[in-house]
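S.K.: Here you go, sequence then predicted model.
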Amino acid sequence: MAEPLRHPEEAPIGPVLRPPLARRFGPWWRFWFGLSLCGLLLFVVGLLIPLWAGIGSWGVGIPHVWGFGIANYAWWIGIANGASLFAAILVLRQHNLRTAINRFAEAIAVAAVFAAALYPVVHLGRPFSSYWMFPYPATTGLWPQFLSPLTWDFWAILSHLLVTTTFWYVGLVPDLATLRDKAKNRPLKRFYCLLALGWRGSIRQWAFHQRAHRLTALTVIPMLFVMQSAVAFMFASTLVPDWHSTRQALTLTVSAFESGLAAILVMAHLLRRGLSLQGHIDDLDIDLLGRLLAANALVAMYLFAGGIFLGLLDDPVAQAALLDRLTGPYSSLFWIASLLTIVAPLPLLWRKVRHEPWLAVAVGIAVLAGTWLERVSLVVGGLPAERIGLLRANYSPTAAEWILLLGSAGLVLFFMLGFARLLPTISLYETRHDQHAGRAA
Amino acid sequence: MDRTDRLWRGLSESEELAVQREFPMLAEAARLDRRLAMKLLGASAALAAAAACERKPGSKPSAARGTHFGDYARPVTYATTLEQSGVPIPVLVETVNGWPIKIDGNPAWGTGGSSAITQAQLLDFYNPLRLTRPLLRGKPARPAAVEEALSRLARGGGRGVHILRPPTSNIAVLRAAERAAAALPDAQIHEWAPILPEAPFDPAPGSRSILCIGADFLGPGPHQAESAAAWAAWRGGSDDRRHRQLFVAECVPTLTGARADRRLRLAPRDLLQLAHEGGRGALARRLGLPDVDQVLIGRELQDDGAGDLLPLVAALRRGEVETLIVLGGNPAYDAPADLDFAAAMKHAGSVIVLADTLNETAGGAGMLIPEASQLERWGEYRRGGNRLLSQPLAGTKVRRWSAEEILDRLAGTAETAQPAWMKAVHEQAFAAGGESGAAADATETGVSVRSDDLPDGLILVFRPDASVWDGAHADNPWLQELPDPISKLVWGNAATVASSTAGTLGLENGDIVAIESAGRRIEAPIWVLPGQAGGTVALPLGYGRAVAGLGSDIGINAYRLRTARHPWYAPCTVAKTEGRAVPISTELHHPLAEDVPARRMSRRDEAEQPAFYRQQSESGQHQWGMVIDLDACIGCSACTVACQAENNIPVVGPEEVARGREMHWLRIDRYWRGDTDDPGIDFMPVPCMHCETAPCEPVCPVGATVHSSEGLNQMVYPRCIGTRTCANNCPYKVRRFNWFDYQEEAPRSEQSLNPRVSVRERGVMEKCTYCVQRIEAVHAGDKEGPVRTACQQACPTEAITFGDLADPDSDVARKRASPRNYALLGGLNLAPRTTYLARREEDGDG
């Protein structure tokens, strides 16, 4: 057993430490946890329906071979990417905000990646054969098709999963050691002990840790751009006129960043209130997050305007596709999505809105809904953009698809609640570091 | 493979050593001693005896995973004749292990094309609801009971016996009927069919312009394939530039109208007037019709309704009928509504019905006799100057009866004699000569136009249906799922109206209206049909069957408004109701990103346009390609059903079709051209294009769709994991996905499946293969070349040409060099192997 660490001042990290070490966690937590368990159950049901009955239980058909499944996948992976990117930038810049936000930004990213990663598997016609995407030396001598953007996407998801969890875990190790030392309950102590990997807090370990953490953060950033581009390539590399555009990668990356920020903003407010972490996630943090989201919306607005402008100058087929997107049967999805992702965050430019929790949360949720609608509008609305027969919308999601969407939200909620219960929601060692730094100054 | 560098020492070395190394047990077994020899001898004898056992029909030919050719045997093709609405159709039936798997036209008779209905008759044979035992008052009875009942009648002298049979050209039936009439002098024989076939297209020699007045000879019906071939020959082969003109006057768009050089949309009253004037009177002048060489008048303008049914119903109502024998047909469903045949039938002392499956008429029968399929019995038909023969080619252990057998029993003959002309049967199933023209079609000679007194106001127009015809095919799933060539409706019918009429009445697609005619009322959904004459409501017959297996309660029963006096045109009123039920149509499915997919080209342009021909880059010896001539295509959909039969394509049902999940590998897109009220109509069959730079191939993450050296875009079912990306990236939308386990969920008799084509499992993509099994059969020497795809074989107008593009003398290469040749979505540079020949149109004309 490692030697207990000494902490000169333990009081400020109390609120952070309390939840993981507490025996009970209050009725509200239990209520939400129960709810998330229901969501998890829905998730399982949502997975089993297509596995048992066939993917025909979804509303997909031809030409809408992809529907909710891929839209939701793109949405979750977008949230994950946005959150990861944000956390990584904070770590690398050693920004003040990182103390407060990067831990749960990473947690959101991990949860969202898990939720996302299941979609491309379950949406397959024969999910039991999905392992054929792995390049393994089969007796058939067959390999995956490396030309396919779906193969790239598979690798992107896999690396995203690995990098995000590594990034998150590396950041957690010193705090897990703290929890190990503070835990009174023996099984809990063992649990943290295992996870802490024998962290002793020596200078040498700290030096390694700092390097490892920054290095993983560094790998996160290019990986995320690759990831979003891979998602975008799935669309951009096809012949569907509305999808076949080089702008796709940029648009998706920006909107992913926006959804990630929105998710963090919402979580920050909820955690701040739910766990009384006002001292840790302070007004400055909230203010910065709000400004970032508003700035992101401005970038999205620029891209939106640019997209329409360039699209109208494009060749006739792409032009028609764009017009169809703007006025076709699914155009309402597109306009609502644009409104929610571009206009809705703009009030955050005002200080008052940024500091009114309910308003900020409402904006965050609006952006999340907007980015989701944007994905649906892309996956579903992009398709009838073929010039004959754009008379009616013939894709509508079935109950099975809604169940899986709600279920995946349940999965993320379950993960986040478990995280809030078992692990320190914000970084302990960085908080301590900030305090020391503050005193030294 | 070059093996000259292999080292070896003696001739006997290699195999023996290899066997010893790889299979030591086998090597051991190869050393025979006396005991082993005896063992093997005994086992061989036992196994030889076992070979005589009939094998139980095994599992499906092959699942997507793995291949199983357990029941595979070389197909045997028989020539025989099928009868539809009294018209004999010579066909070839391919069988495997004694089970029919495909029906095609007989190329020794005409072009060898067939119609969708002929193709689909295969499934009728496998209908799981076919009667297997006679039913006596609803209870299964012994076959002897039938014989007893019939011989009792035979002894009775025929008083009070009335026999109702559909029209037939089967000489065996006609002769048996004569014998029965002789034996039972007091018996009466009546004939009934709700729809008489349109006369076959038979242009007078040298006629260059033809006016059709309501004559839909290219439309559904027994003569469809034959007429289509005759029309194509008249119009001129693909390189014939002679000027032939077809004028069609009609009130509801038909296949014939779609192929007219000029189509006239006329109200029924004008149509009748035009027919009365013989197409040469005042109306013709007002319409600007030139003087034509020949005028064809449609059956609807001649038919006089109830036929023989009137005296029978009268006799029934007077209580004079002791025994009513119905030898096929379904009068309780399709008799004129004002006769109320079903109620009249109840006045008969006893009713004996010969039927294939349970139907409305059979429901009222005291004795129900299972009818032998046309593939299970002998027959001899008259057709013009020829005799056509049919032979039993499918064995059955179930005792079923044919009409002539029953008539023979009534005549007191114990055994129906089998014809002795076996040789002719095996060769071509028809023999020239014989009794000539005795039963020549009445329509070919005198034409008498009926005088309908049609008032002003809405006119209800009855139409035979392209899928179910008069309702006889209502329980055929292939036909139910086959989109109507014009409206593209599946699994049901609808009351079609012109958009002007819909506007006046405030109707739109899916509104349910109450249609009232002659005091009877039905409710039907509305479908707005461009090209229909204003002031008409058209109702396809044959739907809304009450007892028809899977066809029960699908669509609207138009017979409930059809009277003996007004069999085709009836005054009616239409009132909108609150209800809505949008009929399922595939017309908007599979959209293409092209403005003018189906092209037309004037003859002048054709002479000037330079040809475009691309060299193939693949290495294989053959380079397969297909050319579809839109100038010959009549949209009849025979190719779609032929493809379905050949390639074991499942039926998915109405709900699935509504979701855009129909599985037809070959679809026919129907385009309206121009004006919404009076548009031109274009048909375009769309199979897989087998693009040389196929966009579906690089996007598949597991390489489940790949290119062959002979230029085929192949789908590897066992490798497919179902990402559906290929379908996303296919701009032609020809890929089909197994969203459910369709084959399992709608089980189809395993014997009816083509053993050369694997059955796809759930979650697998599929599409047109250019009938790769046929190509490989020729490669393997199993069949004789040249390779013909199923769609090509079925096409009555030879619009589809398939062959080797690498051979510059092949038909397909020649057609591809035509100035009319163009690639669908050519702008995408996908180099499709399937190309189209633009439809010809007159210079400067629309």
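M.R.: Received, thanks. Numbers count the residues shown, from 1 in each chain, chains lettered A, B, ... in the order given.

S.K.: now the helix or strand encompassing residue B:230: mean pLDDT?
M.R.: Assigned by DSSP states H and E, residue B:230 falls within helix B:224-235. Across helix B:224-235, pLDDT averages out at 89.

S.K.: who touches it?
M.R.: With contacts defined as C-beta atoms under 8 Å, 6 or more residues apart in numbering or on different chains, helix B:224-235 is touched by B:89, B:105, B:110-111, B:113-115, B:117-118, B:198, B:200-203, B:217-218, B:244, B:246, B:259, B:631-632, B:634, B:636, B:638, B:796-799. C-beta here means a position set from N, CA and C on the backbone, and glycine is covered the same way.

S.K.: Which members of these are classed as buried?
M.R.: Among those, the ones that count as buried by 16 or more other C-beta atoms under 10 Å in any protein chain shown are B:89, B:105, B:110-111, B:113-115, B:117-118, B:198, B:200-201, B:203, B:217-218, B:244, B:246, B:259, B:631-632, B:634, B:636, B:638, B:796-799.

S.K.: and the end-to-end length of stretch B:280-297?
M.R.: 13 Å (C-alpha to C-alpha, to the nearest Å).

S.K.: if we can go back for a sec, in helices, which of the buried ones among the contacts of helix B:224-235 fall?
M.R.: Under the assignment DSSP state H, the buried ones among the contacts of helix B:224-235 contribute B:117-118, B:638 to helices.

S.K.: Just the closest of those residues to chain A, please.
M.R.: residue B:638 (23.4 Å; C-beta to the nearest C-beta).

S.K.: quick one: low-confidence parts of the stretch 351-500 of chain B?
M.R.: Where the stretch 351-500 of chain B drops to pLDDT under 70, the residues are B:395, B:414-452.

S.K.: Can you name the residue of it nearest to chain A?
M.R.: Taking C-beta to the nearest C-beta, the stretch 351-500 of chain B has residue B:488 as its residue nearest chain A, at 11.6 Å.

S.K.: my guess is that residue meets residue B:586, correct?
M.R.: Yes - applying C-beta atoms under 8 Å, one finds residue B:488 in contact with residue B:586, separated by 4.9 Å.

S.K.: Of the ones in helices among the buried ones among the contacts of helix B:224-235, which ones also sit close to chain A?
M.R.: For chain A, no contacts are drawn from these by C-beta under 8 Å from any C-beta of the partner chain.

S.K.: With distance to residue A:368 and pLDDT added, can I get these in a markdown table?
M.R.: Shown next, in a markdown table, are those (distance: C-beta to C-beta, whole Å; pLDDT from 0 to 100):
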| residue | distance to residue A:368 | pLDDT |
| --- | --- | --- |
| B:117 | 56 | 93 |
| B:118 | 58 | 93 |
| B:638 | 54 | 94 |
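
S.K.: so which of the residues you listed comes closest to residue B:566?
M.R.: residue B:117 (26.2 Å; C-beta to C-beta).

S.K.: how about that closest one, what does it touch?
M.R.: B:84, B:220, B:224, B:467, B:469, B:473, B:479.

S.K.: tally of neighbours for the residue of the stretch 351-500 of chain B closest to chain A?
M.R.: Look at residue B:488: counted by other C-beta atoms under 10 Å in any protein chain shown, it has 20 neighbours.

S.K.: Give the closest residue to it in space, chain neighbours not counted.
M.R.: Of all residues not flanking residue B:488 in the chain, residue B:587 sits nearest, at 3.8 Å (C-beta to C-beta, 6 or more residues apart in numbering or on different chains).

S.K.: List the contacts of that neighbour.
M.R.: B:483, B:487-488, B:670.

S.K.: same thing with residue B:816?
M.R.: B:613, B:625, B:627, B:805, B:835.

S.K.: again, only using 6 Å
M.R.: B:627, B:835 (C-beta atoms under 6 Å, 6 or more residues apart in numbering or on different chains).

S.K.: now residue B:739
M.R.: A:56, B:661.

S.K.: For the nearest residue to residue B:841 once chain neighbours are set aside, list each beta-bridge partner.
M.R.: In space, and not counting its chain neighbours, residue B:841 is closest to residue B:600: 4.7 Å by C-beta to C-beta, 6+ apart. Beta bridges link residue B:600 to residue B:839, judged by DSSP bridges.

S.K.: can you list the weak-confidence ranges in the chain?
M.R.: Going with chain A. A:1-25, A:95-100, A:275-280, A:382-394, A:434-435, A:437-441.

S.K.: ah, no, chain B please
M.R.: In chain B (pLDDT under 70), the answer is B:1-31, B:50-73, B:237-242, B:303-307, B:395, B:414-452, B:604-619, B:843-846.

S.K.: which residues does whichever residue of it sits closest to chain A contact?
M.R.: Proximity of chain B to chain A (C-beta to the nearest C-beta) peaks at residue B:722, 1.8 Å away. Listed by C-beta under 6 Å, 6+ apart, the contact set of residue B:722 reads A:124-126, B:763.

S.K.: Setting aside sequence neighbours, what's the nearest residue to it?
M.R.: residue A:125 (1.8 Å).

S.K.: That neighbour reaches residue B:763, doesn't it?
M.R.: Yes - Residue A:125 lies in contact with residue B:763 (C-beta atoms under 6 Å); the separation is 2.6 Å.

S.K.: tally of neighbours for the closest residue in space to residue B:183 that isn't next to it in sequence?
M.R.: Spatial nearest neighbour of residue B:183, excluding adjacent residues (C-beta to C-beta, 6+ apart): residue B:411 at 4.2 Å. Using other C-beta under 10 Å, residue B:411 has 20 neighbouring residues.

S.K.: Identify the residues contacting residue B:411.
M.R.: Residue B:411 neighbours (C-beta under 6 Å, 6+ apart): B:179-180, B:183.
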